[in-house]
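[1] Sharing a model that was predicted from the sequence below.
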Amino acid sequence: MRKQKGFSLIELLIVVAIILIIAAIAIPNLLRARMAANESSAVASIRTINTAEVTYNSTYPTVGFAGLTAVGTTGAGVCVPLSTNACLIDSVLTLGTKSGYTFVAAAVAGTPSVTYTANGKPVTVNQTGNRAFCSFEDAVLRVDPAGVGGITAAACAAFLPLNQ
């Protein structure tokens, strides 16, 4: 009789159980790291929107501040800067969704518009991010720990600055 070579069923089950335990420990950490990366990207995007709004206001003083589509890049190909399509931010951010966050920038009505709000909130709270971020013409980045964000300048001003 020859001796059989290979692993027994018990040995294979033990290996599978060890792999499952390691995965159960690692997966939540990976998800937290992904949410942290999304939040970091959202902060950078709000800062980009702030810079674009100030540049737009300086370039088109008769218009003042504007929304994402006027400040950003729409369409494909070479972008020709106009007051309706200033080419100051990329097309992904202009569409309003990037890295698990939804972004809105709106100018307050008036000619020229003297204020704007920029808001970035998670697409799904506790899954793509935990916190929302907002800013207005003072360019101070503020954070909403509940993940809702400030739609108006007054609502945004009620939140604490990011560095506190």
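    Structure's in. What do you need? As the structure is a prediction and not an experimental result, all values here were calculated from the model. Residues are numbered from 1 along each chain as shown.
[2] how much space between residue 102 and residue 122?
    To residue 122, residue 102 is 8 Å away according to Cβ to Cβ, to the nearest Å. Where you see a C-beta, it was placed from the backbone N, CA and C, and this is true even at glycine.
[3] The two: which has the busier surroundings?
    Per other Cβ atoms under 10 Å, whichever of residue 102 and residue 122 has more neighbours is residue 122, with 24 against 16.
[4] Return the distance of the longest helix along the chain from the chain's centre.
    Counting residues, the longest helix found in the chain (DSSP state H) is helix 9-59. Remark: helix 9-59 is offset 12 Å from the chain centroid, using Cα atoms, centre = their mean, to the nearest Å.
[5] what does whichever helix or strand comes after it contact?
    Going down the chain from helix 9-59, the next helix or strand is helix 68-71, by DSSP states H and E. Identification of contacts with helix 68-71 by Cβ atoms under 8 Å, 6 or more residues apart in numbering yields 49, 52-53, 56, 63, 83-86, 88-89, 93-94, 96, 103-105.
[6] Alpha carbons of helix 68-71, as CSV, please.
    C-alpha atoms of helix 68-71 as CSV (Å, rounded to 0.1, in the frame of the first residue of the first chain):
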residue,chain,number,x,y,z
LEU,A,68,-19.3,74.8,-10.8
THR,A,69,-20.3,74.7,-14.5
ALA,A,70,-19.2,78.3,-15.2
VAL,A,71,-16.0,77.9,-13.3
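[7] Now do the buried residues in the next helix or strand after that helix.
    Following helix 68-71 in sequence order, the next helix or strand is helix 91-95 (DSSP H and E). The neighbour-count check on helix 91-95 (16 or more other Cβ atoms under 10 Å) flags 93, 94 as buried.
[8] contacting residues around helix 91-95?
    Residues from elsewhere that reach helix 91-95, judged by Cβ under 8 Å, 6+ apart: 45, 48-49, 68-69, 71-76, 98, 103.
[9] does residue 106 count as helix, strand or coil?
    Assigned by DSSP: H, G, I helix; E, B strand; the rest coil, the conformation of residue 106 is strand.
[10] Once you drop chain neighbours, what's closest to it?
    Leaving aside its chain neighbours, residue 106 sits nearest to residue 67 (5.2 Å; criterion: Cβ to Cβ, 6 or more residues apart in numbering).
[11] tally of neighbours for that neighbour?
    With other Cβ under 10 Å as criterion, residue 67 counts 17.
[12] Next secondary structure element downstream of the helix or strand bottoming out on mean pLDDT in the chain?
    Lowest on mean pLDDT, DSSP states H and E among the helices and strands of the chain sits helix 153-157, with a mean of 86. The helix or strand immediately downstream of helix 153-157 is strand 160-161, counting by DSSP H and E.
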